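Colleague: sequence and computational prediction follow.
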Amino acid sequence: MTGQDPALSRAAAAPHGDAGVLEDGAVDSVPVGNGDTPQLAENDAIDTSLRSAAQRSRTFAGILVNTALANITTSYLWFALTFWAYLQTRNVIATGVIGGAYMLLIALSSISFGTFVDRYRKLAVMRFAAGFTLGMFLLAGALFLLTPSAWLLDLTRPWFWVFTLIILIGAVVENMRNIALSTTVTILIDPDRRANANGLVGMVQGLMFIVTSVLSGLSVGLLGMGWTVAVAVVLTALAFAHLLTLHMPEEVRAAATDAQGGFDLRGSLAAVLAVSGLFALILFSTFNNFVGGVYMALMDPYGLELFPVELWGTYFALGATGFIVGGALISKFGLGANPLRTMLIAVTLMGGLGAVFTLREWAWLYIAGIWLYLALVPFVEAAEQTIIQRVVPLHRQGRVFGFAMAFESAAAPITAFLIAPIAQIWIIPYARSAEGAAQLAPLLGEGTSRGIALVFLFAGVMIIAAALLAFLTPVYRRVTASYTQPPAGAPETATVHSRPRPSDQ
């Protein structure tokens, strides 16, 4: 937030190649009303008439595949780091801190990411993020090579935490690409097909879980952390090189925007509040993530208690195929007439699954529960993205997506930082004591991980209650109305311009 009133300037059109250099996309504004809030002049930054819908879809597919490779690589290294840390320490506090730190960095940086996405051309933002992530992974590899193993594995020394922080920063900056990806859906995909495109994004996320779960476990178990970092560096370099070959001619120049500076908190909040009920939707997703932080902190420790690290990665990958199935269903059938209703139904079912998939320490129950749970996740994420893409103008979408990511991501670290020590110090020891095991056996059965199962049960019940209450709120009706009757200035009517084709004149 700059603390100053927006002052917009005109920028020259960038060449189609994007060259990887960020160029300011602000344009002149003209005051309206009482003059307190400038309004953007009309612009021709987006021209969807340059190519057919099929051609634009192919370009989106290329961007999606490239983002998939980048996400797979960063998640592969992050998963491996989590596995490696737990196996070296056997302490859920270490995994909780790593997971919580990742989400906290996402929360602190997402508004800046959204601001830059609004101010600059989308492919240029993606290229910057890819190059930065590559540099951080190279730095992590150098630190691993130069630091004695005894120092790196000693949690009382700074080297383990510096190594972890470098990897997490690289992974966090890569998330800037995901915000930009959501805006490319608005630019390249026709409004009636955006929900389906968001389903494809869900499929990519599912593929990410499958590949990274298998490869991360195998890398840590068979190759070690050093070679895992080396593989991540090579794959990140390949994704960066491929990204340089992609072009999006529909983005003639960076879209006109009122975004200012590098951290436009005021503009982000104004963009969210401009749509009735949108802030409440983000609050609900935030609460869902707050409870979801429980699973982030404890799911891997629970799995690693059931399986060896090599097998846990493989079994989690099996469960993650549900993500692909869920995304495929959305890609085929969409989200229905009311994506918000679909979202709340999915959240209710997710809460039920989270409550019961560890009621007994059975491997098949855990994997089946993960499969069903992850099959529902794309419905929640695609619903929120589809609503924002419809009701928020393109020149504000980056900040809205960034604000949502910041707000929602901030909740999970709080839970992770709280629940990991509480589980490690009190709940797990209680569940493993003779008295605790006897008291929990009728509900949760017997086993060494009954403490984690108890936490999962409470978290699931909380999610169910929140989703059912959301159906009864006025906000549910307002957001539904905003989606079914988008206001003037929504992306499909005023932001994305199409010039008539010669054949149509």
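Modeller: Happy to help now that I have it.

Colleague: drop to CA atoms for contacts and neighbour counts, all remaining ones
Modeller: Fine.

Colleague: measure stretch 185-201 end to end?
Modeller: Stretch 185-201 has its terminal residues 10 Å apart, counting by Cα to Cα, to the nearest Å.

Colleague: chain center to that stretch, what's the gap?
Modeller: On the basis of Cα atoms, centre = their mean, to the nearest Å, stretch 185-201 is displaced by 17 Å from the centre of the chain it belongs to.

Colleague: likewise for stretch 381-401?
Modeller: 14 Å.

Colleague: state the mean pLDDT of that stretch.
Modeller: Stretch 381-401 shows a mean pLDDT of 87.

Colleague: same check on stretch 150-166?
Modeller: Computed over stretch 150-166, the average pLDDT equals 79.

Colleague: how many neighbours does Ile169 have?
Modeller: For Ile169, the neighbour count with other Cα atoms under 10 Å is 18.

Colleague: now it: how far from Asp264?
Modeller: 21 Å.

Colleague: can you check Ala124 too?
Modeller: In terms of Cα to Cα, Ala124 sits 19 Å off from Asp264.

Colleague: for stretch 136-147, which outside residues touch it?
Modeller: Residues from elsewhere that reach stretch 136-147, judged by Cα atoms under 8 Å, 6 or more residues apart in numbering: Leu152, Trp159, Phe163, Ile166, Ile167, Ile169, Gly170, Gly226, Val229, Ala230, Ala232, Val233.

Colleague: can you tell me the helix or strand for the fourth one?
Modeller: With elements delineated by DSSP states H and E, Ile166 resides in helix 158-174, which encompasses its position.

Colleague: now for that helix, which elements pack on it?
Modeller: Under the contact criterion of 3 or more Cα pairs under 8 Å, 6 or more residues apart in numbering; DSSP states H and E, helix 158-174 touches helix 53-89, helix 92-119, helix 122-146, helix 149-152.

Colleague: figure out how far that helix is from the centre of its chain.
Modeller: 18 Å.

Colleague: with stretch 455-465 instead?
Modeller: Remark: stretch 455-465 is offset 22 Å from the chain centroid, using Cα atoms, centre = their mean.

Colleague: in it, what counts as buried?
Modeller: Residues of stretch 455-465 classed as buried by neighbour count (16 or more other Cα atoms under 10 Å): Val455, Phe456, Leu457, Ala459, Gly460, Val461, Met462, Ile463, Ile464.

Colleague: likewise for stretch 136-148?
Modeller: Buried-residue list, stretch 136-148, by 16+ other Cα under 10 Å: Met136, Phe137, Leu138, Leu139, Ala140, Gly141, Leu143, Phe144.

Colleague: strands of the stretch 151-300 of the chain, start to end?
Modeller: Counting by DSSP state E, counting those that start in this stretch, the stretch 151-300 of the chain has no strands to list.

Colleague: low-scoring stretches of it, by residue?
Modeller: Applying pLDDT under 70 to the stretch 151-300 of the chain flags residues 153-155, 205-206, 209, 213, 254-261, 296.

Colleague: rerun at 50
Modeller: Residues of the stretch 151-300 of the chain meeting the criterion pLDDT under 50: none.

Colleague: where do the helices sit along it?
Modeller: Assigned by DSSP state H, counting those that start in this stretch, the stretch 151-300 of the chain shows helices spanning 158-174, 176-188, 194-218, 225-243, 265-273, 278-306.

Colleague: next, format those helices as TSV and append distance to Ala355.
Modeller: Below are the helices of the stretch 151-300 of the chain laid out as TSV (distance: least, Cα to Cα, whole Å):
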stretch	distance to Ala355
helix 158-174	30
helix 176-188	30
helix 194-218	22
helix 225-243	34
helix 265-273	33
helix 278-306	11
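
Colleague: identify whichever of those helices lies nearest to Thr348.
Modeller: helix 278-306 (10.4 Å; Cα to Cα).

Colleague: give the buried residues for the next helix or strand after the closest one.
Modeller: Toward the C-terminus, helix 278-306 is succeeded by helix 309-333 as the next helix or strand (DSSP H and E). Burial within helix 309-333, assessed by neighbour count using 16+ other Cα under 10 Å, is assigned to 309-331.
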